[in-house]
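*Asks:* I'll drop the sequence and a predicted model, then ask my questions.
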Amino acid sequence: MPGSDGSTALGRGVREALSGMRGAVREHVPLAPLTHLRIGGPADWFVEPSGEEDVALVVATCRELGLPLYLLGGGSNVVIADAGLRGVVMQLGSLGRIAREQHRVTVGAGVSLPSLLRATKEAGLAGLEVLTGIPAQVGGAVAMNAGTRDGETFDRLVSVTVVENDGRLAERGKDQLTPRYRDGGLGAAVVVQATFELTPDDPAAIFARFSASLKARNATQPVSQRSVGCVFRNPPGDKAGRLIEAAGCKTLQRGGLSVSARHANYLVNDDTGSAAEFRALLREVRDRVRARFGVALEPEVKFWGFDDPELPPGCLDFGRS
Ligand code: EPU
C-alpha cells in the first residue's frame, strides 16, 4: 500500500511537480474496474493529462523522480498485480481528436478503435476494418501493433507523434519505426497521436467487411467474458490456441480463472479470480504445451507489478532511448 515511510515527501514532490499539468491527478485509484479482466489492486497515482504537453510533463516528472510510469490504454491487454502498482498510471483518454485531411486521418492516442472504425466507415475511408473487434485505444494499438488475422495497426500507419522518454515531443515516420508481430517497437516513447492513410470506398462495403469480421470473431472467441484476449503470441508456423487445446488444457482452472472452452488461448475470469491465479494458470498452460510439443509459448499480454524475474516490469523503461 502507499503510505510507506517517505511516501508523504514523495507524494508532495509528485503533486508539486505536476501542479502545472492540465488534467486530473488522483491518488490510490482502484485499477480493476479500468481493465477488461477486472483484476488488479490500486495505483499510487493516476493521471489523465489534457494535452500533449501535459503528457510530456508527466514523463519528465516520473523520470526525474525515479517513479515507475505505466501507460493504460483500453485496459484490454494487461494483467495488474493484486497488490496494485507503486508509481504513476497515465491514461490518455483526453487525447480524443479525429481530424481528416483527404484520405488521411490523424487521431489522438485516447480514441478508441471502435469509434475510429465507425468514423472512418461513415467518411467512406477503408483500411482499418481489419482491426474490427479489438477493444483498444489508438495509442495502445500502435504500441502493441495490435492486429487480427486480416491485418495489423501498422499496415495503414504513416507517422506517429511521440513523447520521448526525456519529455520531448517528436514526430516519427513509419520508416523510422521497426514494428514486429504484436510489438510496435517504440521502446519507452509514448504515442500521443497517429496518422493513417486510408482508401476511399463505399461505406456499405466497408460495413459489410466489418460485420463479417465481427461475426467470425464472435463465433470463435469468448468476447462477452472477462479476459485479456489472446494470452500467447502464435508461435511461428502454428497457433497457440490449437497447441493449448491439443495439450489437453481446456479443462484447466485455477480459482476464478479457467481456460476458455471456446478458444483455448483465452483465460477467462468468472469475476472472483485474482492476478495470482491468472499467473498460475498461465504457467500451467505454458508448461503443459512445452512438455507435450517442445514449444515455448510467449505471452503477448502485459503483466504489471509482478515481482517475478520471468516477467518484464511493464512500466516505461527510462534507461533506454
Ligand atoms: N484453435 C483450436 N482450438 C482453440 C482455438 C483455436 O484448435 O481453442 C485453432 C482454430 O481451429 C484455428 C486456429 O487455431 O484453426 C486459429 O484460431 P483463430 O482463427 O481463432 O485465430 P488465432 O490465431 O487463435 C488470431 C489472433 C486474434 C484474432 C484472431 C482473428 C493472435 C495470438 N491471435 O487468433 O487476436 O482475433 O486471429 O483474426 O495472433 C488478440 O490478439 O488478443 C486476439 C484475440
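*Replies:* Yep, it's here. As the structure is a prediction and not an experimental result, all values here were calculated from the model.
*Asks:* which regions of this structure sit below the pLDDT cut-off?
*Replies:* Applying pLDDT under 70 to the chain flags the ranges 1-8, 319-321.
*Asks:* 90 instead, please
*Replies:* For the chain, the stretches with pLDDT under 90 are 1-15, 17, 165-166, 187-188, 251, 307-313, 317-321.
*Asks:* mind giving me the domain ranges of it?
*Replies:* Using automatic domain parsing, the domain ranges for the chain come out as 5-91, 98-207, 223-304.
*Asks:* Using a markdown table, lay out these together with mean neighbour count and distance to the ligand.
*Replies:* The C-beta positions use only the backbone N, C-alpha and C, and glycine is treated the same way. Compiled in a markdown table, the domains of the chain are given as follows (neighbours: other Cβ atoms under 10 Å; distance: least, Cβ to the nearest ligand atom, whole Å):
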| stretch | mean neighbour count | distance to the ligand |
| --- | --- | --- |
| domain 5-91 | 19 | 7 |
| domain 98-207 | 19 | 3 |
| domain 223-304 | 18 | 3 |
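*Asks:* Any chance of TSV for those domains, columns distance to K215?
*Replies:* Formatted as TSV, the domains of the chain follow (distance: least, Cβ to Cβ, whole Å):
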stretch	distance to K215
domain 5-91	20
domain 98-207	10
domain 223-304	11
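*Asks:* Each with direction, which strands does the strand or helix carrying Y70 pair with?
*Replies:* Y70 is part of strand 69-72, with elements assigned from DSSP states H and E. Sheet partners assigned to strand 69-72 using DSSP bridges are listed as strand 85-91 (parallel).
*Asks:* Determine the next helix or strand in the C-terminal direction from the partner strand.
*Replies:* Using DSSP H and E, the helix or strand that follows strand 85-91 in sequence is strand 98-101.
*Asks:* just checking, what packs against the helix or strand following the strand holding Y70?
*Replies:* On the C-terminal side of strand 69-72, the closest following helix or strand by DSSP H and E is strand 78-80. Contact here means 3 or more Cβ pairs under 8 Å, 6 or more residues apart in numbering; DSSP states H and E; on that basis strand 78-80 packs against helix 275-293, strand 302-304.
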